[in-house]
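J.: predicted model and sequence follow; I will ask about them next.
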Amino acid sequence: MIMFMKSASCRRVSNEDLNENNKYLEYYYRGSSDNKNVDPSIILTVWRKSLLVSCSGFTVIDSKGNLVYRVDNYCGRRPAEIVLMDGFGKSVLTMRRHKKLTLGNDWGIYKGEASDQIHKQSHKKQTPIGYIRKNVTLLQGNANVLAQVYIGTTSKKPTYVIEGSYDERCCKVFDKLSKTMVAEVKRKEAVNGGASFGLDVFQLVVVPGFDAGFAMALVLLLDQMYG
C-alpha cells in the first residue's frame, strides 16, 4: 500500500492522493452489498486503520467503494480528542474526553473541528450536541449495556443505549424510548469462502433516519472505551 507522508501542519491528504489510493481499498469493500436483498439501510465498511503513515485511525467506505469518513490520530490510540472527517477531509464531528474524574468514561460530541470549538466573537465554548457515557456495571447493573448516549447537555435520561460486545464486533444502538434499533456493528463476512477479515475490518449498518456520521462517532468512542 502506498503510504502518505505525515504533515505536521495538516490533517488532510489531497483528493488526488485519496483517489490514487482507492484501488488498495477494494479488498475491504468487495461484497459488502447484496443486490439480491434490497435493504434501505446504509452499510459501511469500517477499517481500523488510517491511510496516513505513522498514524492510527479509521477508514470508512460505502458499498460502492467510496471513501466517506476518515480519522487520523497523531497522538496514538488514546487521544483526548478525536476528529471525524468526511472523505474530502472536512471535519464532521469532534469528540472530546471529559476531564472530570468519574468512574465511567465520558465523551462530549461537538459539531465541526476542534479549532471551531471557541466562538471568535464571544470567546465562549461551544456546547456539545450530546455526550456518551460508558456503562459502569457496579452502578448501572446491566452488563449487556456498553454505553448510554445523551442528546443535549441538560438531559438526565439517555436517548440511546448501546448493547452487546464491541470486543466481538457485535453490538447494537437502540432508541431508548421506542426500543427500536437505529445502528448496528457486526463482523464482516468473508466472500465466497475467502480469508476472514478479523476484528479490524467490520460493518456499520445504519437504519434510515439515523445520522451515519453520528453512528460512526459512537463507534469511535466505543473503540476508546473497549478497544
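T.: Structure's in. What do you need?
J.: Val206 pairs with what?
T.: With DSSP bridges as the criterion, Val206 is bridged to Ile42, Ala183.
J.: what is the neighbour count of it?
T.: 20 (other C-beta atoms under 10 Å). Heads up, the C-betas are built off the backbone N, CA and C, glycines and all.
J.: quick one: buried residues of the longest helix anywhere in the chain?
T.: Of all the elements of type helix in the chain, the one with the most residues (DSSP state H) is helix 212-226. Neighbour counts over helix 212-226 (16 or more other C-beta atoms under 10 Å) mark 212-225 as buried.
J.: all helices of this structure, in order?
T.: Ranges of helices within the chain are 15-21, 26-29, 137-140, 212-226, based on DSSP H.
J.: which stretch in these is the model least sure about?
T.: Per-stretch mean pLDDT for the helices of the chain is lowest at helix 26-29 (a mean of 39).
J.: find the residue at the geometric middle of this protein.
T.: For the chain, the residue nearest the mean C-alpha position is Met216 (2.9 Å; C-alpha atoms, centre = their mean).
J.: just the closest of the buried residues of helix 212-226 to Lys176, please.
T.: Leu218 (13.8 Å; C-beta to C-beta).
J.: and that closest one, what does it touch?
T.: 132, 147, 149, 162, 173, 183 (C-beta atoms under 8 Å, 6 or more residues apart in numbering).
J.: can you tell me which of those are in strands?
T.: 132, 147, 149, 162, 173, 183 (DSSP state E).
J.: buried among these? Make that a ChimeraX selection.
T.: Here is the ChimeraX command that selects the buried residues among these (16+ other C-beta under 10 Å):
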select :132,147,149,162,173,183
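J.: could you dump the ones in strands among the contacts of Leu218 into CSV with distance to Pro208 and pLDDT added?
T.: Formatted as CSV, the ones in strands among the contacts of Leu218 follow (distance: C-beta to C-beta, whole Å; pLDDT from 0 to 100):
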residue, distance to Pro208, pLDDT
Ile132, 22, 95
Ala147, 23, 95
Val149, 19, 96
Ile162, 19, 97
Val173, 14, 98
Ala183, 11, 98
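J.: for this structure, which spans come out with low pLDDT?
T.: The model of the chain has pLDDT under 70 over residues 1-39, 76-77, 99-104, 114-124, 137-141, 191-195.
J.: show me the strands in it, by range?
T.: 42-47, 56-61, 67-73, 81-86, 91-97, 106-111, 130-134, 145-151, 160-165, 170-175, 181-187, 201-206.
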